[in-house]
Each structure stands twice: as structure tokens, then as C-alpha cells.
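Participant: coordinates only, sequence not included:
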């Protein structure tokens, strides 16, 4: 199992957390619950001793030259692992290593990705309540079961880790990405602790960035292969409203009333034009998606032909 830990200026927390984590992993190995393990710390452009502290405590270190954010750090970490199991943990010590066995148990029951749900959070009042709002929005928008999408404590099979592609602020939606690919994602209650040292590296801007990425994930999981459906859902009602307004204005004009300065005329015209533009955008998006998928199918077909041509058939 590989443990991937993104870290930005966490020298004090890692100095305490890594020995505790190593001890917990060693105990799991001694009880034959776990095989071999490796800790990978992704130093996200830290300007303190994060890198040296991680190496002192036996972790492999991948260093980014500049701070790029948690999602990219996780992307890099997932890219260097080839283990059968991958565990994600935060560097601040709030994730309890003694809960790893609980996550392993749910994985043994058939899940592909297990998230440690922080049932009782040891965070500030504002952070806890904004997180509740965020989780509620994610459940409603994505249509997924879950209460703690943003938990950084996740265990997944290697097959899942190798197909995830975190970017932007998408580390909050790994469950959604995995579910969209057909993997079973579940949550299990875990203990959540106070930060070992220092302060959170996330500012208030993370909230609006998270909601923007929520819309992106919603589109990618719901309409990635059928963008015309989304365009039509918006365009058809818009065109209908605009058409009704224009018909009304036409009736008024035939009745001898002036309509040139009526706001309804301009609004109706604007609604129809906007709706038609949305339909054209949807159509172009649909053509782009179909063309891309066709190229993928052609590449797969050519690959199968090449592979089949290398099969040696014994002759009598």
C-alpha cells in the first residue's frame, strides 16, 4: 500500500504525524492485516523544512517547485504510485492512523473507494458550517450519497487511483469521479483530531473555487457525452418564452398599438436569439464529442488488429 500525503509548509505537523503513521502501518503488517507499505510525501512548493523532515522519517518525497494546490499535488502523487492500494491522508495530523483498519475493512467488503467521514469535526465553527453547506450542495447537484466529500482521508484500490485525474479544486470530488467511472464509493465514520501544529493553508477563496468546480464536475458527469441535452434544456424554454413575447408584440402591432419602444419586443428578440445560439453551441459540442469518440474507437480497433496479428497459432 502507498500512502500519499500532500504537504505545504507542514514541517511541525509531519515531525509528529509521520512517526505515528509508521507505527500504525507497522502494527497492521505485524498482524498480517496489511502487506508492504510506502509513504509518499508530495511537497507542494514548501519554503520550510517539509522535505527534509519527511525524508528523516523515511518517506519518499516528490517536490513541486512552486505551490500548485492540493489537487495537483494529489495528481502528482497518484501518478508515481503503482501499488494495489492507495491511501490519501492530510499532513496536518487530523486524520487518525488508527482508523486505517476500518477503511481496509470496508474495502474488503467490496467497495472500490472508502472515504473517512469526519462524524465529529475538530475544526472552527465557520469551517464546519460552510462545509455542511458545501456537502449538502454536492449531494443535491451530483445526486450522490455522502456526507463528507471534502475529507482527505481516502483509501482506494490501485485501479481507481490510476484513472483519477484531480485538477483545480477537484480533490473534493474524487468520490464523484470514481462513481462516474462505475466504481463503488462508500463512507465510514472515523475519528477526527485537532491539527497538530500551524494553521490551515486554505483561504476563504477555496469556497467559491469549490463551488465553481462543483458545476464543472456536474457537467462532466451528467452531460460530458451529451452536451446537446443540456443546451436544449436551457434553449427550448428560452426560445418558447421569446416566441410568446414576439407573438404578443405582433398582435399588439396588428391592433394598431406601437411596439417599437416596448421592452417586451427587445426581450423576446433577445430570448430567441440566445436560445438559437445555445442550440448551435450544443450542436457543435455534440459534433466535437462524437468526432473525438470516433477517433478513440478507431485507435482501439487498430490496436486490437495489431495485437491479434502477433498471436502465434501452432500448426500441425
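Facilitator: Sure, I can see it. What you see is a predicted model, and the numbers here were worked out from it, not measured in a lab.
Participant: In three-state terms, label residue 145 for me.
Facilitator: coil (DSSP: H, G, I helix; E, B strand; the rest coil).
Participant: Residue 253 belongs to a helix?
Facilitator: Yes. Looking at residue 253 with three-state DSSP, it is inside a helix.
Participant: residues in contact with it?
Facilitator: Taking C-beta atoms under 8 Å, 6 or more residues apart in numbering, we find residue 253 in contact with residue 259. C-beta here means a position set from N, CA and C on the backbone, and glycine is covered the same way.
Participant: any idea how far residue 273 is from it?
Facilitator: 19 Å (C-beta to C-beta, to the nearest Å).
Participant: How about residue 137, nearest residue that isn't a chain neighbour?
Facilitator: residue 214 (6.5 Å; C-beta to C-beta, 6 or more residues apart in numbering).
Participant: That neighbour is in what secondary structure piece?
Facilitator: Following DSSP states H and E, one finds residue 214 within helix 205-222.
Participant: just residue 104 next, same as before
Facilitator: For residue 104, the host element (DSSP H and E) is helix 100-108.
Participant: name the helices or strands packed onto that helix?
Facilitator: The helices and strands touching helix 100-108, judged by 3 or more C-beta pairs under 8 Å, 6 or more residues apart in numbering; DSSP states H and E, are helix 11-30, strand 85-88, strand 113-118, strand 154-157, strand 185-190.
Participant: of all these, which lies closest to residue 234?
Facilitator: Among those, strand 185-190 comes nearest to residue 234, with 29.6 Å by C-beta to C-beta.
Participant: and the closest one, what's its mean pLDDT?
Facilitator: Averaged across strand 185-190, pLDDT comes to 90.
Participant: got it, and stretch 38-49?
Facilitator: Mean predicted confidence for stretch 38-49 is 91.
Participant: Buried residues in it, which are they?
Facilitator: Under the neighbour-count criterion of 16 or more other C-beta atoms under 10 Å, stretch 38-49 has 39, 40, 41, 42, 43, 44, 46, 49 buried.
Participant: Quick check: end-to-end length of it?
Facilitator: Separation of the first and last residues of stretch 38-49 by C-alpha to C-alpha, to the nearest Å is 21 Å.
Participant: Next: stretch 92-103.
Facilitator: 19 Å.
Participant: Run through who's touching that stretch.
Facilitator: Outside stretch 92-103, the residues touching it (C-beta under 8 Å, 6+ apart) are 10, 13, 16-17, 20-21, 23-25, 28, 33-34, 87, 89, 114, 116, 122, 152-153, 155, 188, 190-198, 200.
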